[in-house]
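Asker: Using only what follows, build the 3D model:
(4 chains)
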Number of protein chains: 4
Amino acid sequence: MSSRKPLITAEEFNEIKHADAPFTEYYNFGIEEIGYASCVVRLPYDIKHVRPGGTICGPAMFALADFSMWLAVLSAVGKVPLAVTTNMNINFLRKPSETDLLCHTKLIKIGKRLAVGDMTLLAEGDVEPCAHVTGTYSIPPRS
Amino acid sequence: MSSRKPLITAEEFNEIKHADAPFTEYYNFGIEEIGYASCVVRLPYDIKHVRPGGTICGPAMFALADFSMWLAVLSAVGKVPLAVTTNMNINFLRKPSETDLLCHTKLIKIGKRLAVGDMTLLAEGDVEPCAHVTGTYSIPPRS
Amino acid sequence: MSSRKPLITAEEFNEIKHADAPFTEYYNFGIEEIGYASCVVRLPYDIKHVRPGGTICGPAMFALADFSMWLAVLSAVGKVPLAVTTNMNINFLRKPSETDLLCHTKLIKIGKRLAVGDMTLLAEGDVEPCAHVTGTYSIPPRS
Amino acid sequence: MSSRKPLITAEEFNEIKHADAPFTEYYNFGIEEIGYASCVVRLPYDIKHVRPGGTICGPAMFALADFSMWLAVLSAVGKVPLAVTTNMNINFLRKPSETDLLCHTKLIKIGKRLAVGDMTLLAEGDVEPCAHVTGTYSIPPRS
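Answerer: Numbering: from 1, shown residues only, chains lettered A, B, ... in the order given. Here you go, the predicted model:
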């Protein structure tokens, strides 16, 4: 765990989210923690994301990971506009319990041009993850 | 292009979708074509998926690819319950034009246990794709 | 197929390869074709890459794809030093026939900073591919 | 860390390796640790894997990860023949120091049909990894 402070607060991030990613309102994500280059984000359990049988659908898990990656990148580079996802690789591992999902994110590279993150998704209270994701972000040149 | 006939019709698939994946209603996907182990699916342009600036958000592209992969698998193996995505790898390539997205899917492996698909997403009328996806499905043993 | 001419010849590439990637001599790759942003490369069948039973090992397939991606990038951007692979995603699809492998590569994005390629590997004479790969290259700023 | 014992010893694995994967002799991998569903494997520094400038080449990193994944799978399921890699996704993160590489592997899913592993590669003594890999293995039905 890094001892550096995150370069963005939840309030600042929520403003950016509101302006740049209104589509994320559909998911009602909650920010649990922000560290430097790391975060924990919650996807509240909602029947609109659930398959008969109780599994949270893949696209909602993807949306959670994508949102978390964005937050982790900004926590490490600050309020950089136009940072964009270039690659996401997601492995679905097992069915989560029928409750909120948490996504634990840690950046494993913070370069000048690319950041790479490692994400583990699991239902709150579960020991074993339901999905694992790695993602890459392209960071624009800073002037 | 295979000359074999698809093992599912759009009507049959829509019934399964309605029962097993009600969350997909949010996207209003349209089935353009079904072949054997292949399909073309449309994501209608909708402001709810769009970022300021006009880009369709990543999670909507992922949802389109995931849905298309499911349809292509059923077109090749028939109405198999419980087939599930195990891996998706998505590369975001460029910003699409501000219109409907089309996902062209072709399975490159149809095994007893795993199917692998190759998906190209592009805005209708665009020549260059906005995203490329490969996905893996686990097919349950048939009794 | 692009009508543009490739920005590198086989001779020029072989010189760069000799200087920058001597480890590739182990594979004895042959360049079959170079187009603009595309190429076909051969991995000669050699017992040193083969598992009992006749399958070419995964690392040799990976090496073939990685080499091909490099060539395809240089065919599109010219003799740029320091271009490096940042991501490779490989799906192993089926056992190839016991003969040379061919890797067909096409770039699906050629950006200022990133190039993305799509590669299909198959044994010479086979109809169905043994592996499919997508790869990303980081292209350094040009001065 | 699991308290279960690994289902294979280094001696047993080396015998299987010798019979089934003679191509791995080229790398001279050393088994540092075997746990249940986990392992640490060493790639000794060797000029034959090195690019001018001192970077270990991508194919050697891939080979290390692929070998490690195989060992971790057998440590969790025992001496199962015919387990095969189906997918590997590798992110190259930074240049390692010029010394041996270590690959730390942990399985994040051990299913009846699929196992998924998480691998971190770093040069001995380095704090930051040079590559991160996720891999999937298909496990044949046991009779």
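Asker: Tell me the helix or strand right after the helix or strand hosting A:V73.
Answerer: Under the criterion of DSSP states H and E, A:V73 resides in helix A:58-77. Downstream of helix A:58-77, the first helix or strand assigned by DSSP H and E is strand A:84-92.
Asker: what packs against that next one?
Answerer: Packing partners of strand A:84-92 (3 or more CB pairs under 8 Å, 6 or more residues apart in numbering or on different chains; DSSP states H and E): helix A:58-77, strand A:131-138, helix B:58-77, strand B:84-92, strand D:131-138. Backbone N, C-alpha and C define where each C-beta goes, glycine included.
Asker: Do the following helix or strand past that strand and chain D come into contact?
Answerer: With elements assigned by DSSP H and E, the helix or strand that comes after strand A:84-92 is strand A:101-110. Yes: contact of strand A:101-110 with chain D (CB under 8 Å from any CB of the partner chain) involves A:108-109.
Asker: export strand A:101-110 as CSV, just CAs?
Answerer: This file holds the C-alpha atoms of strand A:101-110, laid out as CSV (Å, rounded to 0.1, in the frame of the first residue of the first chain):
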residue,chain,number,x,y,z
LEU,A,101,-20.5,-6.1,-5.5
LEU,A,102,-17.2,-4.6,-4.5
CYS,A,103,-14.4,-3.9,-6.9
HIS,A,104,-10.9,-3.6,-5.4
THR,A,105,-8.5,-1.9,-7.8
LYS,A,106,-4.8,-1.3,-7.8
LEU,A,107,-2.7,0.2,-10.5
ILE,A,108,0.3,-2.0,-11.4
LYS,A,109,1.8,0.5,-13.8
ILE,A,110,1.6,4.3,-13.9
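Asker: can you state the direction angle for it and strand A:131-138?
Answerer: 40 degrees (axes from the mean of the first three to the mean of the last three CA atoms, to 10 degrees).
Asker: what's the average pLDDT for the next helix or strand along the chain from strand A:101-110?
Answerer: Helices and strands here follow DSSP H and E; after strand A:101-110, the next one along the chain is strand A:114-123. In this model, strand A:114-123 has an average pLDDT of 98.
Asker: picking up where we left off before, report the backbone C-alpha coordinates of the helix holding A:V73 in CSV.
Answerer: This file holds the C-alpha atoms of helix A:58-77, laid out as CSV (Å, rounded to 0.1, in the frame of the first residue of the first chain):
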residue,chain,number,x,y,z
GLY,A,58,-21.5,-9.4,-17.1
PRO,A,59,-22.1,-5.9,-18.5
ALA,A,60,-22.7,-4.6,-15.0
MET,A,61,-19.5,-6.2,-13.7
PHE,A,62,-17.6,-4.7,-16.7
ALA,A,63,-19.1,-1.2,-16.0
LEU,A,64,-18.0,-1.5,-12.4
ALA,A,65,-14.4,-2.4,-13.4
ASP,A,66,-14.3,0.3,-16.0
PHE,A,67,-15.5,3.0,-13.6
SER,A,68,-13.0,1.8,-10.9
MET,A,69,-10.1,1.9,-13.3
TRP,A,70,-11.0,5.5,-14.2
LEU,A,71,-11.1,6.5,-10.6
ALA,A,72,-7.8,4.7,-9.8
VAL,A,73,-6.1,6.4,-12.8
LEU,A,74,-7.2,9.9,-11.7
SER,A,75,-6.1,9.1,-8.1
ALA,A,76,-2.6,8.7,-9.5
VAL,A,77,-2.4,11.3,-12.2
